[in-house]
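# Here is my input; please provide its structure:
(one chain, ligands or ions: 1)
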Amino acid sequence: MTGMLILVRHGQSEWNLKNLFTGWRNVELTEQGIGEARATGKKLAAAGIVPDLFYTSALRRAQHTLDLILEEMGIVNLTITRNQALNERDYGDLSGLNKDDARAKWGDEQVLIWRRSYDVPPPGGESLKDTADRTQPYFEAEILPHLKAGKTVLVTAHGNSLRALVKAIEGLTPDEILKREIATGEPVAYRIGPDGAMIEKVTL
Ligand SMILES: O=C(O)[C@@H](CO)OP(=O)(O)O
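Sure, this is the predicted structure:
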C-alpha cells in the first residue's frame, strides 16, 4: 500500500494579479483564482482521488482554495489541519510592494537575488532556506507518517512553501528548486512508499 501526496498552490490572488510581493499578507483569491481552485477540485474528482487527510496554511488564500476544491469534490465530512509552518515565505519589508517598482528602485539583479536565491533573505523576511527550515520539519513530523501508512494527503499552500516541500521530496539541489515554478491551481502529486521515499511523480 503506497501513500499519495497531492500539493496544490492556491489559485491566483489579488496581489498575484497586481504583481505585488505577498508573503504573509492575507489577500483574497481573484475570480480567476476561484476558477482555478474549482478546476483543480474537478480534476482530482475525475481522477478518482479520495484524500484521507487535508492540510493548509494559516493564510486565507490557501484555505479558500482548499474549501473550493472540497466543494467540487463533494467532500463535507472532514478535519482540516491549518498550520503556519505551511505559510508562504515571509517577504518582510518587500511585502505589499510592486515587483516592477522594486526592480526600478533596487535593480533587476538585487530583486532577483531576493526572489530566487536560496539563502539570501529579503530585508526583514525569510529566504527559501528559512522557509524550508520550518516547512520541512513540519512535513516530516505531521504529514509524512500518514503517507508512510498508505494514506492520501491533500495540501494546499503557496509557491515557496511548496517549493521547499518539492525540494525535499524530489531530492533537488537549491539550483534545481529555484528554477521550478509551481503554477497556481496546478496539482503536483507523488506516490510515497512505506519508507517515506518518493516512488514516482504522478501526472493528474
Ligand atoms: O509574492 C509572493 O509571496 C511570491 C509568490 O507569489 O512571489 P515570488 O514569485 O517572488 O516568490
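# Just the buried positions in stretch 167-183, please.
Judged by neighbour count using 16 or more other C-beta atoms under 10 Å, the buried positions of stretch 167-183 are K167, A168, I169, I177, L178, I182. The way it works is simple: take the backbone N, C-alpha and C, and place the C-beta from them, glycine included.
# Could you report the neighbour count for the closest residue to the ligand within the chain?
Per C-beta to the nearest ligand atom, the residue of the chain with the smallest distance to the ligand is T22, at 3.6 Å. Close neighbours of T22, defined as other C-beta atoms under 10 Å, add up to 22.
# The helix-or-strand element of the chain with minimal mean pLDDT close to the ligand?
Among the helices and strands of the chain, helix 174-179 carries the lowest confidence by mean pLDDT, DSSP states H and E, at a mean of 94. No - no part of helix 174-179 sits close enough to the ligand to count as contact by C-beta under 6 Å from any ligand atom; the gap is at least 10.0 Å.
# can you list the residues that contact that helix?
R116, S117, Y118, D119, L128, K129, R163, A164, V166, K167 (C-beta atoms under 8 Å, 6 or more residues apart in numbering).
# The residue nearest to the residue of the chain closest to the ligand when sequence neighbours are not counted: what's it in contact with?
Using C-beta to C-beta, 6 or more residues apart in numbering and skipping residues adjacent in sequence, the residue nearest T22 is W15, 4.5 Å away. For W15, the contact set (C-beta under 8 Å, 6+ apart) comprises F21, T22, R25, V27, G96.
# ok, 7 Å please
Residues near W15 by C-beta atoms under 7 Å, 6 or more residues apart in numbering: T22, R25, V27.
# filter the contacts of helix 174-179 to the buried ones?
Taking 16+ other C-beta under 10 Å as the criterion, what is buried in the contacts of helix 174-179 is L128, K129, R163, A164, V166, K167.
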